[in-house]
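Engineer: Provide a 3D model corresponding to the input given below.
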Amino acid sequence: MSFPQVESRSARRTLTIATRILLALKLDGPLLIGLAMVACYGLIVLYSASGQNSDMILRTLLRMGLGAAAMVAVAQLRPNTLRNAAPWLYAGGVLLLLVVDASGYIGKGAQRWLDLGFIRFQPSEIMKIAVPMLVAWYLQERPLPLGLGTLAVTAAIILVPVGLTAIQPDLGTALLILIGGALVVLMAGVPLLVLAALALVGMSSAWFGWTLLHDYQRQRVFTFIDPQNDPLGAGYHIIQSQIAIGSGGVFGKGWMNGSQSQLEYLPERHTDFIFAVIGEEFGLLGMLVLVMLYLFVVGRALYLATQMQDTFARLLGSSLALTFFVYVFINTGMVCGLLPVVGVPLPLVSYGGTSMVTLLAGFGILMALYSHRKLVGS
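Structural biologist: Predicted coordinates for the structure are as follows:
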């Protein structure tokens, strides 16, 4: 009897069937596995961070299902379809932002949502995808190096939704939209002299930008510099976050045994500050495991982007991959006290709705571009 050989043949047959299904659905197996592992990790942490709230877990599973469905659906699209849809998606997103700014749903002091009765969503999340798509669409046939006229039009494309989002106010999402569009420009190729000039303009306009910030946004900058200046007020979040991470040590206190999170000393523990829960309960090793999973996803996404053969696909694919990395970098840096608090969730781990769906839809775009990479202009 040769049971190992039978099991080996069965495993190979199962692997072959799974590979065929993934190919048929235009999905990338390694990237899908990486995303699934991050999502599973997130569900485990969220169950503890939410105080064992089963309803929150069920809602998160539903949103993951919607996001996965969006990813599969978008992955079937041809690059030419995505290319042609870019201006329309952008225009629709800007229109929805105008509606939100005029009569959107107000929650927690911000006017960011459209309430349709059966669902509430943030149109600004759409712009995380629409802005890179339109910038890639606009720059795909522009000669290098990019001229000042081209850069001026590109800046307008990026700054219109950034401004409409910032006045909601939602500085975190506005920053992510800005970064997503800027990454496409960097991937397209910008001369060093132009980059230096833009940096000087940015620094010189910092004072003007400071005057536009709300009082609580300015306070976040002061708190970042010295959180102990107001330990029971503006600095409370970051101080409790650092206490939670520090108390976890190398190995952590154990799942659902974190004192800061379970006793509700840590604010926003199931959303923006969920990384602190990981540090407290799973320790430094737990944080490193999650970071390694994120780096695998980013590395695989960048590899897919490098295999694409037309400019639009390469610009958009690399921007989506790098933007995902920026999300992770900003949230983890914010929670550890290395960056100001700007309200950026931890991808696929923090509790959220629209952001999870748009994030997975973005990976669906990446897979669609990769699966049709040999059909240039298709």
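
Engineer: CA atoms for contacts and neighbours, from now on please.
Structural biologist: OK.

Engineer: can you show me the strands along the protein?
Structural biologist: In order along the chain, the chain carries the following strands (DSSP state E): 105-107, 110-115, 120-121.

Engineer: extract the C-alpha trace of stretch 304-311 and format it as PDB.
Structural biologist: Output of stretch 304-311 as PDB, limited to C-alpha atoms (Å, rounded to 0.1, in the frame of the first residue of the first chain):
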ATOM      1  CA  LEU A 304       2.800  42.300 -10.800                       C
ATOM      2  CA  ALA A 305       3.200  46.000 -11.600                       C
ATOM      3  CA  THR A 306       6.700  45.500 -13.100                       C
ATOM      4  CA  GLN A 307       5.300  42.800 -15.400                       C
ATOM      5  CA  MET A 308       2.800  45.000 -17.200                       C
ATOM      6  CA  GLN A 309       3.700  46.200 -20.700                       C
ATOM      7  CA  ASP A 310       1.900  49.500 -21.200                       C
ATOM      8  CA  THR A 311       2.400  52.800 -19.500                       C
END
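
Engineer: in terms of secondary structure, what does the longest helix seen in the chain contact?
Structural biologist: Counting by DSSP state H, the longest helix found in the chain is helix 274-306. In terms of contacts (3 or more C-alpha pairs under 8 Å, 6 or more residues apart in numbering; DSSP states H and E), helix 274-306 is packed against helix 29-49, helix 236-248, helix 311-335, helix 354-371.

Engineer: closest one to L183 among those helices?
Structural biologist: L183 lies closest to helix 311-335 among the helices and strands packed on helix 274-306, at 5.5 Å (C-alpha to C-alpha).

Engineer: which elements pack onto that closest one?
Structural biologist: In terms of contacts (3+ C-alpha pairs under 8 Å, 6+ apart), helix 311-335 is packed against helix 123-139, helix 171-188, helix 236-248, helix 274-306, helix 354-371.

Engineer: how big is the angle separating that helix from helix 171-188?
Structural biologist: Angle, helix 311-335 to helix 171-188, by axes from the mean of the first three to the mean of the last three C-alpha atoms, to 10 degrees: 140 degrees.

Engineer: for helix 311-335, which residues meet the burial criterion?
Structural biologist: Neighbour counts using 16 or more other C-alpha atoms under 10 Å place 311-325, 327-328, 330-332, 334-335 of helix 311-335 among the buried residues.

Engineer: repeat that for stretch 338-350.
Structural biologist: Within stretch 338-350, the residues that count as buried by 16+ other C-alpha under 10 Å are 339-350.

Engineer: okay, these in JSON lines with distance to R63 and pLDDT next?
Structural biologist: Converted to JSON lines, the buried residues of stretch 338-350 look like this (distance: C-alpha to C-alpha, whole Å; pLDDT from 0 to 100):
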{"residue": "L339", "distance to R63": "29", "pLDDT": "84"}
{"residue": "P340", "distance to R63": "28", "pLDDT": "81"}
{"residue": "V341", "distance to R63": "25", "pLDDT": "79"}
{"residue": "V342", "distance to R63": "23", "pLDDT": "78"}
{"residue": "G343", "distance to R63": "20", "pLDDT": "75"}
{"residue": "V344", "distance to R63": "18", "pLDDT": "83"}
{"residue": "P345", "distance to R63": "15", "pLDDT": "88"}
{"residue": "L346", "distance to R63": "15", "pLDDT": "91"}
{"residue": "P347", "distance to R63": "13", "pLDDT": "92"}
{"residue": "L348", "distance to R63": "10", "pLDDT": "91"}
{"residue": "V349", "distance to R63": "12", "pLDDT": "92"}
{"residue": "S350", "distance to R63": "12", "pLDDT": "90"}
